[in-house]
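[1] Pasting a predicted model and its sequence here:
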Amino acid sequence: MASIDLNLMTVLDALLQEQHVSRAAARVGRSQPAVSSALGRLREIFGDPLLVRTQQGMIPTARAKEIRPLVEAALEQLRAALNDQQFDPLTSTRHFVIAQADVSAAHFLPRILPELRRQAPHVTISVVEAWSNEAVEALQRGQVDFAIGVFAPQQEEFGSKPLVQMKEVCIGDAANAAINNGPLSFEAFLRIPKIILERRDSGTVINSVLSTAGHGSNVVLRLPQFLGAARAVLGTDLVVVIPDAMVEDLPDRDLYSVASLGFQMPEVQVSLIWNRRYNVDAAHSWFRELTCRCAVAI
């Protein structure tokens with residue numbers, strides 16, 4: 001241990017996060033040659049290549065995957081020891097970055113911000129618009145502090161807390177007769193011209209249901225924003241499927257018709273996830289608890 005430069009561990013952490021020498025160099029504020037040299041020394045220390053170059057870029061070895069959570073936890077505990085952990089929300093100027101879709105921000109921020117302003121008037125927030133896969137990638141890269149959304153079971157590197165369960169409903173213009181007569185059967189839903197929400201490789205539950213059933217027809221518009229899709233149905237015969245809890249967040253709610261789906265759909269579990277490396281961060285822990293408390297008290 002006496003012969004190991006602690007700075008090498010911060011470089012290793014950046015390399016394992018970024019899996020790219022130039023990005024890791026930018027992350028730790030060092031030159032690319034310096035990081036390449038540090039990687040060489042790290043390979044000697046661990047007796048392993050740690051990162052190997054492939055056509056898809058640099059990928060971690062099995063040994064690197066094994067030590068990554070240990071390195072992250074050790075560095076975070078060191079940061080906690082060096083920081084003042086007597087966190088005081090009233091005087092803190094901490095800044096948090098949250099990854100979430102537009103509809104999630106519209107739903108949760110109005111519930112979180114009043115309490116945040118009362119307890120921590122100097123704490124600030126940035127929201128990065130991202131769906132599930134993008135949000136997870138941003139967490140892995142250390143670009144955001146939290147993500148709110150619908151996520152597949154996550155790796156051990158992430159902590160998770162459920163916020164709320166939602167059901168999908170179909171919305172359209174108030175004058176749209178196709179959705180004014182009770183629950184929609186699957187056949188009726190297929191016949192209605194619709195908007196599908198998707199963003200890169202992230203979709204929604206209804207997309208998966210349609211794909212599994214082998215149906216992708218009658219899609220008139222594809223959009224990456226929930227609120228944009230909701231506005232787009234007004235004055236048309238189009239419909240879009242969104243979580244039920246989001247309906248009351250729509251501007252001009254009386255302009256919409258809402259129909260339940262009369263076919264089996266899995267409930268949507270919205271969760272808060274974060275990188276476990278921040279488990280010992282007092283400010284981070286406080287904000288997690290605040291978010292969960294405000295989200296549940298809906």
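    Thanks, I have it.

[2] For this structure, which element, helix or strand, carries the lowest mean pLDDT?
    When each helix and strand of the chain is scored by mean pLDDT, DSSP states H and E, helix 205-212 comes last, with a mean of 60.

[3] Tabulate the CA atom coordinates of the helix or strand following that helix in PDB.
    Downstream of helix 205-212, the next assigned helix or strand under DSSP states H and E is strand 219-223. C-alpha atoms of strand 219-223 as PDB (Å, rounded to 0.1, in the frame of the first residue of the first chain):
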ATOM      1  CA  VAL A 219     -49.200   4.300 -35.900                       C
ATOM      2  CA  VAL A 220     -49.500   7.800 -37.300                       C
ATOM      3  CA  LEU A 221     -46.800   9.600 -35.200                       C
ATOM      4  CA  ARG A 222     -43.800   8.600 -33.100                       C
ATOM      5  CA  LEU A 223     -42.600  11.100 -30.500                       C
END
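
[4] what's in contact with whatever helix or strand comes next after strand 219-223?
    Going down the chain from strand 219-223, the next helix or strand is helix 226-232, by DSSP H and E. Residues outside helix 226-232 that contact it (C-beta atoms under 8 Å, 6 or more residues apart in numbering) are 101-103, 106, 171, 195, 197, 221, 223, 238, 240, 242, 246, 250-251, 256. The way it works is simple: take the backbone N, C-alpha and C, and place the C-beta from them, glycine included.

[5] For residue 239, list the residues it contacts.
    Residue 239 neighbours (C-beta under 8 Å, 6+ apart): 170-172, 176, 178-179, 192-195, 233.

[6] Same check on residue 222?
    Listed by C-beta under 8 Å, 6+ apart, the contact partners of residue 222 are 195-198.

[7] With respect to residue 70, which of these is nearest?
    When these are ranked by distance to residue 70 (C-beta to C-beta), residue 198 comes first, at 37.4 Å.

[8] wouldn't that closest one be in contact with residue 225 here?
    No - checked against C-beta atoms under 8 Å, the pair residue 198 and residue 225 is beyond contact range at 10.7 Å.

[9] gap between the two ends of stretch 53-69?
    Criterion C-alpha to C-alpha, to the nearest Å; first-to-last residue distance in stretch 53-69 is 22 Å.
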